[in-house]
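Give me a 3D structure for the following:
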Amino acid sequence: MRRHRKVKIVATLGPASSDYETIKALFEAGADVFRLNMSHGTHDEQRARFDIIRRIEAELDRPIAVLADLQGPKLRVGVFDGDAHDLKEGDAFRFDLDPAPGDAGRVQLPHPEIFAALEAGANLLVNDGKIRLRVDECGPDFANCTVTVGGTISNRKGVNVPDVVLPLAALSDKDRGDLEFACQLGVDWLALSFVQRPEDVTEARELARGRAAILSKIEKPAAVRAFAEILKVSDGIMVARGDLGVELPVHSVPPIQKRLVRGCRAAAKPVIVATQMLESMIESPMPTRAEVSDVATAIYEGTDAVMLSAESAAGARPVEAVATMDSVARSVESDPTYREVIEASRIVKRETVADAIVGAAREVAETTDITAICAFTQSGTTVRLTARERPRVPIIAMCHEETILRQLCLIWGAHCVRTPELDRFKQAVVNATAAARKFGFANETQQIAVIAGVPFKTSGSTNILRVAPCDERLIYRSDPE
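Okay, here's the model as predicted:
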């Protein structure tokens, strides 16, 4: 089985997609990475989903990536007498630490760290920004506000504080427990929520101890401002547009998305565009035209992956949602304009030998009859550098390390194939041509480009490129050594 598209699809699992038949159908429909949302479900439920994924992986002999998405600290108001109250524009309202039930004039905000960071003029957003308040006066245990956008405020609604960097760790106690559980389970990627600064990522990396790659979710204005520093210490990025659209003016999200995708491409690190991509398919059998255009835009930008959240986790038609996204992707990538856009936005870097090798492989493939680029990798770097080139031909990613191979399932254009541990380049060429024939990337009359690092078993040593015929007799005839 091979995908006839370069962009990858991330599908979230949940109540609508927890059984073997549905998860297998999601994979067959086009899901490349499965997301376990640690905000919902018990550890036992997540373990059961994980075990099903690995069972399907073994049955189909295809690497499948698993991403565990940590919840992050949740800021919420307390409770109200009567459960809810209406706030009108211009009303005075107070947040404080008093646990007594709230009323139309005040409520508990059990987060002293928020009060410590607030300043007069800052904005507080409640219930995904449906209610907005401006801070007039604040102290270590209170904030007196004026309602600027009214609405109904009710028990334990979420609070966003877009104007300040909060002195909160990105990892709550729950997140620390979930992180250790996910690492012991064997997930391939950890998505870190509520990132505000690079130190948040460093803390998660220390806890993960190399057991999973770290993907930072950009969903806070502070993270957008510190994006370059966060990207340096992250293995990948998720553009989490839901909270971005709450904490920033919604019209600012599209240009931010473009900048983040371009930055990740330049750094050769994978980027996922997420949130509300096919939202209407939670209930509807068909997406809106605007949703299809949204998915298409992300693909034209060259993102590594597009993600489904509630559409596949709790929607009425999870498999149809994945199939729809797959269809949109194949349609976009078959459009001649797609190649024009991708090549116009290509980031060319030639700072190392590895950069030069992968660049040469792409140029050879585009000027000759090469049908695929086969990249052997120890750490994943060679494949990521090759994907940065966004070549016209498929990338066959070959590695003997199972964990690395699964992580590469998130990389644009990478068809991941397990290979035996090798110690000679000749063996690599033979394995590469066999894989190209097996998965339909080439026949015996065609050629592929093979890139690797010699000596083998040395990370970051990409230094060799060969154009190889896919007829094994010609390989041995041309290179008897």
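
Please enumerate the strands of the stretch 151-300 of the chain.
Per DSSP state E, counting those that start in this stretch, the stretch 151-300 of the chain has strands spanning 151-154, 159-160, 189-192, 213-218, 236-240, 271-274. These are given in chain order.

how about the ones you listed in JSON lines, adding mean neighbour count?
The C-beta positions use only the backbone N, C-alpha and C, and glycine is treated the same way. Output for the strands of the stretch 151-300 of the chain, formatted as JSON lines (neighbours: other C-beta atoms under 10 Å):
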{"stretch": "strand 151-154", "mean neighbour count": "18"}
{"stretch": "strand 159-160", "mean neighbour count": "19"}
{"stretch": "strand 189-192", "mean neighbour count": "27"}
{"stretch": "strand 213-218", "mean neighbour count": "25"}
{"stretch": "strand 236-240", "mean neighbour count": "26"}
{"stretch": "strand 271-274", "mean neighbour count": "27"}
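
And the residue nearest the centre of the chain, how close does it get to S18?
Nearest to the centroid of the C-alpha atoms of the chain, with distances taken as C-alpha atoms, centre = their mean, sits I272, at 3.5 Å. Separation of I272 from S18 (C-beta to C-beta, to the nearest Å): 22 Å.

before we move on, the earlier item: got CSV for the strands of the stretch 151-300 of the chain, with distance to F142 and mean pLDDT too?
Output for the strands of the stretch 151-300 of the chain, formatted as CSV (distance: least, C-beta to C-beta, whole Å; pLDDT from 0 to 100):
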stretch, distance to F142, mean pLDDT
strand 151-154, 17, 96
strand 159-160, 15, 93
strand 189-192, 31, 98
strand 213-218, 31, 98
strand 236-240, 31, 97
strand 271-274, 36, 98
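
Could you export the ones you listed as CSV, including distance to F80?
Written out in CSV, the entries for these read as follows (distance: least, C-beta to C-beta, whole Å):
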stretch, distance to F80
strand 151-154, 7
strand 159-160, 14
strand 189-192, 32
strand 213-218, 31
strand 236-240, 29
strand 271-274, 32
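
Let me know which of those strands is the nearest to L124.
strand 159-160 (6.2 Å; C-beta to C-beta).

hang on, the earlier thing: mind listing what the residue nearest to the centre of the chain touches?
Taking C-beta atoms under 8 Å, 6 or more residues apart in numbering as the definition of contact, the neighbours of I272 are 10, 215, 236-239, 303-307, 410.

my read: A387 touches I411, true?
Yes - here A387 reaches I411: they are 5.0 Å apart, a contact under C-beta atoms under 8 Å.

overlap in contacts of these two?
Between them, A387 and I411 share the neighbouring residues 304, 395, with contact defined by C-beta under 8 Å, 6+ apart.

Buried ones in the longest helix belonging to the chain, by neighbour count?
Of all the elements of type helix in the chain, the one with the most residues (DSSP state H) is helix 43-60. Within helix 43-60, the residues that count as buried by 16 or more other C-beta atoms under 10 Å are 46-47, 49-50, 52-53, 56-57.
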